[in-house]
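K.L.:
here is my input, please return the structure:
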Amino acid sequence: MIKRSIPVAIAVAVGLLTFIGLLLNLPQLSRLLLTWASFLAAVALLVGVLNLFGVHANRLLKGNGYSGVLALSMAAVFVLAITDWRGITTDGVSTVFNWVQFPLEAALSSLLAFLLLFAGAQLLRRQRNIGGVLFLLTALLVLLSTALATSRFIPGRLAETFGAVREVITTIFVTAGMRGILLGVALGTITLGIRLLVGVERPYNK
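P.N.:
Residues are numbered from 1 along each chain as shown. Next comes the predicted model:
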């Protein structure tokens with residue numbers, strides 16, 4: 001019972017101190033607590049990375065090629081970061097990011113439009129309702145307007161029209177949806193924070 005009460009007391013006390021520091025405008029207290037939290041998060045991230053490396057290095061010894069690629073890539077980036085820090089090389093990590101990570105992210109982002117179209121088609125096959133139709137039509141409009149607005153074979157005025165359609169969709173409907181999601185996230189965060197402060201939610205005891 002005592003072992004379960006101590007983490008609850010620590011979490012509630014730190015949460016209340018942070019809340020008081022923000023409410024009463026005590027920057028030193030808030031900065032101290034945020035510094036501790038950042039340090040603990042960095043240590044947790046380092047431990048997680050080391051654990052990930054150890055797991056995939058063990059799988060590499062068992063003959064898993066994909067784990068070998070991941071483990072060797074992590075080791076290579078770590079060596080580049082160390083050499084950049086010691087001044088032996090310059091921009092090694094940035095070069096790897098620009099030549100490997102960035103093209104992969106661009107390729108995945110380009111596939112997102114086709115994934116949305118496929119998801120819309122699958123949605124209409126399973127349940128045909130107004131929401132599925134609107135989803136598929138919106139994905140088609142955004143994809144076609146983006147492609148046609150940047151095409152060299154479309155006249156200037158027609159390309160401007162498609163660009164205007166895309167602008168209306170992204171600035172009105174997409175922005176409204178994003179703001180609704182952010183409001184929901186904010187309300188959920190406030191609710192979870194209150195539950196943590198009063199000790200109802202205890203994720204650290206699991």
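
K.L.:
make it CA atoms for all contacts and neighbour counts henceforth
P.N.:
OK.

K.L.:
where do the helices sit along this structure?
P.N.:
Counting by DSSP state H, the chain has helices at residues 2-23, 27-61, 65-86, 92-96, 102-126, 130-149, 156-168, 175-197.

K.L.:
got a markdown table for the ones you listed, with mean pLDDT and mean neighbour count too?
P.N.:
Output for the helices of the chain, formatted as a markdown table (pLDDT from 0 to 100; neighbours: other CA atoms under 10 Å):
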| stretch | mean pLDDT | mean neighbour count |
| --- | --- | --- |
| helix 2-23 | 76 | 14 |
| helix 27-61 | 88 | 14 |
| helix 65-86 | 86 | 15 |
| helix 92-96 | 82 | 15 |
| helix 102-126 | 80 | 14 |
| helix 130-149 | 74 | 17 |
| helix 156-168 | 73 | 16 |
| helix 175-197 | 87 | 13 |
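
K.L.:
distance of residue 179 relative to residue 171?
P.N.:
Counting by CA to CA, to the nearest Å, the gap from residue 179 to residue 171 is 11 Å.

K.L.:
how about residue 108?
P.N.:
Per CA to CA, residue 108 is found 23 Å from residue 171.

K.L.:
then residue 66?
P.N.:
Relative to residue 171, residue 66 is positioned 41 Å away (CA to CA).

K.L.:
what of residue 81?
P.N.:
Distance from residue 81 to residue 171, by CA to CA: 40 Å.

K.L.:
then residue 84?
P.N.:
With distances taken as CA to CA, residue 84 is found 41 Å from residue 171.

K.L.:
tell me the centre residue of the chain?
P.N.:
Closest to where the C-alpha atoms of the chain average out (CA atoms, centre = their mean) is residue 105, at 12.6 Å.

K.L.:
how much space between it and residue 171?
P.N.:
Taking CA to CA, one finds residue 105 at 24 Å from residue 171.

K.L.:
how far out from the middle of the chain is stretch 11-23?
P.N.:
For stretch 11-23, the distance from its own C-alpha centre to the chain's C-alpha centre is 27 Å (CA atoms, centre = their mean, to the nearest Å).

K.L.:
so what touches that stretch?
P.N.:
26, 27, 29, 30, 33, 196, 197, 198, 199 (CA atoms under 8 Å, 6 or more residues apart in numbering).

K.L.:
pick out the most distant pair among these.
P.N.:
27 and 199 (25.6 Å; CA to CA).
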